[in-house]
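A.B. asks: give me the fold of what follows.
(4 chains)
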Number of protein chains: 2
Amino acid sequence: MRVSTRGEYGVRAMFDLALNFGEGPIALKTIAERQVISEHYLEQLMAALRKADLVKSRRGAQGGYELADTPENISIGEIIRVLEGPITPLDCLDEEKTTGPYCGQPERCVLRNLWRELQDSMTQVLDSTTLEDLRQNAYRLEVAE
Amino acid sequence: MRVSTRGEYGVRAMFDLALNFGEGPIALKTIAERQVISEHYLEQLMAALRKADLVKSRRGAQGGYELADTPENISIGEIIRVLEGPITPLDCLDEEKTTGPYCGQPERCVLRNLWRELQDSMTQVLDSTTLEDLRQNAYRLEVAE
DNA sequence: TTCAATTCCTACCTATTTAGTCGGAAATGA
DNA sequence: TCATTTCCGACTAAATAGGTAGGAATTGAA
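C.D. replies: I've put the predicted structure just below:
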């Protein structure tokens, strides 16, 4: 039931980009240093995020990464899915046809419903939270202190 | 974000015991066959559940396993914790002292709050569902069909 | 009293996933 | 032209997942 470092680092990096949104591209090295993440490892994660169009990059001097959209249009769920695959407690939940015929095994369905409920509660949190939400919370914490 | 087979099989086995609660000990072999789980592997899981006092066992002929308490007193969360460890998306959520001093890093807190919310939504589902709930749902599905 | 059934225990094993590292090619602004 | 920076493919060590193997101890019943 854990998020791997891919997901955790990825969210941290994207959050870092959200805090610096609108200031042009940020170098990988800068993010890696601020977030204390191995540069080479983070590079792999950014590659995945770029291919998924969540960030855009510029090569060469003064290059770097920036969000491909505004922070309120990027949810944590999207980031996690890109880096960790589908958000589901059991693989079978993804392929199942809810419209399929009755399986004749009420026990199986009962357990499926349980895992489905768990999945729903997880996606509810992750899909409803955006980078903008996090950014605002960070701001609130800063002024409160 | 997955439940491993330990958790999945464990819940299946406990659910099986719940459906047969009150009928004396059920042999591991029987459960393994009904649930299509490797007998030796399930044995390991039952050992953990026994040490955690979620099931009790009887050795020898006519022996087997049965729930250590009534189905309504055993939650899915308990089963998962025994077999998979703490329910938490990030290990750090467990050790953290919420009462500790302000960490001076509002960003970190923001992300922690996110993971905490995710954790809460997961434990809410798993701790509020008992084996008795599942048993009743199975019964409903059976008569509905 | 024997025996088949059954749990209990320790150790071992293999494949996959995780969390990286390494080295260099390609692009780009100054 | 050159320092900076992304891009790319391959490699690797450690941990975790998902089991197997073999036998000792216990118990109800014939």
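A.B. asks: can we go C-alpha only for contacts and neighbour counts from here?
C.D. replies: Fine.
A.B. asks: in chain A, which spans are strands?
C.D. replies: Under the criterion DSSP state E, chain A contains strands at A:55-58, A:64-67.
A.B. asks: counting by contacts, list what the last one packs against.
C.D. replies: Read that as strand A:64-67. Applying 3 or more Cα pairs under 8 Å, 6 or more residues apart in numbering or on different chains; DSSP states H and E, one finds that strand A:64-67 contacts helix A:5-19, strand A:55-58.
A.B. asks: let me see the mean pLDDT of that strand.
C.D. replies: Averaged over strand A:64-67, pLDDT sits at 98.
A.B. asks: close to DNA strand C, is that strand?
C.D. replies: No - counting by Cα under 7 Å from any atom of the strand, DNA strand C is not contacted by strand A:64-67; separation bottoms out at 10.2 Å.
A.B. asks: export that strand as PDB, just CAs?
C.D. replies: Extracted in PDB, the C-alpha atoms of strand A:64-67 (Å, rounded to 0.1, in the frame of the first residue of the first chain):
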ATOM      1  CA  GLY A  64      15.300  23.200 -18.100                       C
ATOM      2  CA  TYR A  65      11.800  22.000 -17.300                       C
ATOM      3  CA  GLU A  66       8.500  23.800 -16.700                       C
ATOM      4  CA  LEU A  67       4.900  22.700 -16.200                       C
END
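A.B. asks: residues contacting it, please?
C.D. replies: Applying Cα atoms under 8 Å, 6 or more residues apart in numbering or on different chains, the contact partners of strand A:64-67 are A:14, A:17-18, A:21, A:24-28, A:54-58.
A.B. asks: quick one: buried ones out of those residues?
C.D. replies: Neighbour-count burial (16 or more other Cα atoms under 10 Å in any protein chain shown) applied to the contacts of strand A:64-67 gives A:Met14, A:Leu17, A:Ala18, A:Phe21, A:Pro25, A:Ile26, A:Ala27, A:Leu28, A:Leu54, A:Val55, A:Lys56, A:Ser57.
A.B. asks: which residues does A:Asp53 contact?
C.D. replies: Contacts of A:Asp53 by Cα under 8 Å, 6+ apart are A:Ala68.
A.B. asks: turn the contacts of strand A:64-67 into a markdown table, including distance to B:Tyr65.
C.D. replies: Shown next, in a markdown table, are the contacts of strand A:64-67 (distance: Cα to Cα, whole Å):
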| residue | distance to B:Tyr65 |
| --- | --- |
| A:Met14 | 49 |
| A:Leu17 | 54 |
| A:Ala18 | 54 |
| A:Phe21 | 58 |
| A:Gly24 | 63 |
| A:Pro25 | 61 |
| A:Ile26 | 59 |
| A:Ala27 | 59 |
| A:Leu28 | 56 |
| A:Leu54 | 51 |
| A:Val55 | 54 |
| A:Lys56 | 57 |
| A:Ser57 | 59 |
| A:Arg58 | 62 |
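A.B. asks: pipe those residues into a markdown table and attach distance to chain B per row.
C.D. replies: Output for the contacts of strand A:64-67, formatted as a markdown table (distance: Cα to the nearest Cα, whole Å):
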| residue | distance to chain B |
| --- | --- |
| A:Met14 | 11 |
| A:Leu17 | 12 |
| A:Ala18 | 11 |
| A:Phe21 | 15 |
| A:Gly24 | 21 |
| A:Pro25 | 20 |
| A:Ile26 | 18 |
| A:Ala27 | 19 |
| A:Leu28 | 18 |
| A:Leu54 | 19 |
| A:Val55 | 20 |
| A:Lys56 | 23 |
| A:Ser57 | 24 |
| A:Arg58 | 26 |
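A.B. asks: return only those of these found close to DNA strand D.
C.D. replies: Applying Cα under 7 Å from any atom of the strand, the subset of these adjacent to DNA strand D comprises A:Ile26, A:Ala27, A:Leu28, A:Ser57, A:Arg58.
A.B. asks: what's the closest of those to B:Arg34?
C.D. replies: Comparing those against B:Arg34 with Cα to Cα picks out A:Leu28 as the nearest, at 52.9 Å.
A.B. asks: I figured the closest one hits A:Glu43, correct?
C.D. replies: Yes - A:Leu28 is in contact with A:Glu43 according to Cα atoms under 8 Å; the separation is 7.2 Å.
A.B. asks: which residues does A:Arg12 contact?
C.D. replies: A:Arg12 is in contact with A:Gln35, B:Leu111, counting by Cα under 8 Å, 6+ apart.
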